[in-house]
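Student: model the structure of this input:
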Amino acid sequence: MIVKKKNQSQNQNINRDGKPYHGSKIIVFDLDDTLVITDAKIKVCDKKSGECFSLTPEEFNEYESNPNHELDFDDFKSLEIMKAGKLIEYYLKILKEAYRNKLAVGIVTARDDQNMVYRWLLEHVGFKIDKDLIFAVNDPNQGFNGTISDRKKEAFIRFMGLGYKDFQFYDDDTDNLRLVKSIESEYDGITISTIKAIKGFSV
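Tutor: Modelled structure (predicted):
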């Protein structure tokens with residue numbers, strides 16, 4: 001059980017039996033525009049005017065919700081589009097280093113299919129990331145609610161339920177980083193270092 005607010009301690013035991021990693025530290029990565037740049041786009045259609053347009057994940061970070069808009073995320077369901085993406089080597093090296101040093105590595109992404117993310121990491125990138133540490137916050141099987149930022153924050157609270165207390169989080173969206181960082185002031189004994197990912201580091 002996670003105990004909220006300062007002056008309360010966390011007594012969660014960490015069970016790492018059979019796991020290659022150790023300790024209460026975890027390095028967490030967003031996916032799109034942090035570890036990979038793909039051609040996947042969000043299609044937006046206005047139900048009244050019939051006008052449609054597309055947004056990249058970066059542009060979608062600034063998108064303001066409109067009740068007249070229908071959103072289509074089908075591109076993000078394609079493993080082939082994902083495999084054709086360009087890996088952002090700067091952040092991938094950080095993931096590799098953590099993996100090599102037997103630190104836990106987690107993924108928190110706005111995608112909606114945990115299994116596809118797991119397969120992409122294993123078959124295309126070459127890392128067997130524990131499924132328990134992959135949160136695709138729009139996956140209906142994972143039971144998240146609220147905005148993307150709210151869901152990502154909840155994912156970190158679930159990490160805490162697994163015993164993690166020391167976090168390093170890479171994401172390209174400022175709101176996601178801000179909301180996850182707020183956990184530090186809400187729970188005792190938690191340290192969260194947030195780093196804004198920059199696509200320019202892809203070379």
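
Student: drop to CA atoms for contacts and neighbour counts, all remaining ones
Tutor: Will do.

Student: where does this protein have low pLDDT?
Tutor: The model of the chain has pLDDT under 70 over residues 1-18, 200-203.

Student: next one: stretch 82-91 to chain centre, how far?
Tutor: With C-alpha atoms, centre = their mean, to the nearest Å as the basis, stretch 82-91 stands 15 Å off its chain's centre.

Student: to clarify, my last question referred to stretch 63-70.
Tutor: Centroid separation for stretch 63-70 versus its chain: 23 Å, with C-alpha atoms, centre = their mean.

Student: then that stretch to PDB, C-alphas only?
Tutor: Taking Å, rounded to 0.1, in the frame of the first residue of the first chain, the C-alpha atoms of stretch 63-70 are listed here in PDB:
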ATOM      1  CA  TYR A  63      -3.900  20.100 -29.300                       C
ATOM      2  CA  GLU A  64      -6.900  21.500 -27.400                       C
ATOM      3  CA  SER A  65      -9.800  19.100 -27.100                       C
ATOM      4  CA  ASN A  66     -12.900  19.900 -29.100                       C
ATOM      5  CA  PRO A  67     -16.200  18.100 -28.700                       C
ATOM      6  CA  ASN A  68     -16.900  18.400 -32.400                       C
ATOM      7  CA  HIS A  69     -13.700  16.500 -33.300                       C
ATOM      8  CA  GLU A  70     -13.300  12.800 -33.800                       C
END
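
Student: what comes up buried for that stretch?
Tutor: If you call a residue buried by 16 or more other C-alpha atoms under 10 Å, then stretch 63-70 has these buried ones: His69.

Student: between the two ends of stretch 179-189, how far is it?
Tutor: 17 Å (C-alpha to C-alpha, to the nearest Å).

Student: which parts of it are buried?
Tutor: For stretch 179-189, burial by neighbour count (16+ other C-alpha under 10 Å) applies to Leu179, Val180, Lys181, Ile183, Glu184, Tyr187, Asp188.

Student: with stretch 29-46 instead?
Tutor: Neighbour counts over stretch 29-46 (16+ other C-alpha under 10 Å) mark 29-38, 40-45 as buried.

Student: just stretch 89-99 next, same as before
Tutor: Neighbour-count burial for stretch 89-99, counted by 16+ other C-alpha under 10 Å, picks out Glu89, Tyr90, Tyr91, Leu92, Leu95, Ala98, Tyr99.

Student: I'd assumed Thr34 was in contact with the third one.
Tutor: So the one you mean is Tyr91. Yes. With contact defined as C-alpha atoms under 8 Å, Tyr91 reaches Thr34; the gap is 7.0 Å.

Student: for Thr191, give me its contacts.
Tutor: With contacts defined as C-alpha atoms under 8 Å, 6 or more residues apart in numbering, Thr191 is in contact with Lys165, Asp166, Phe167, Glu184.
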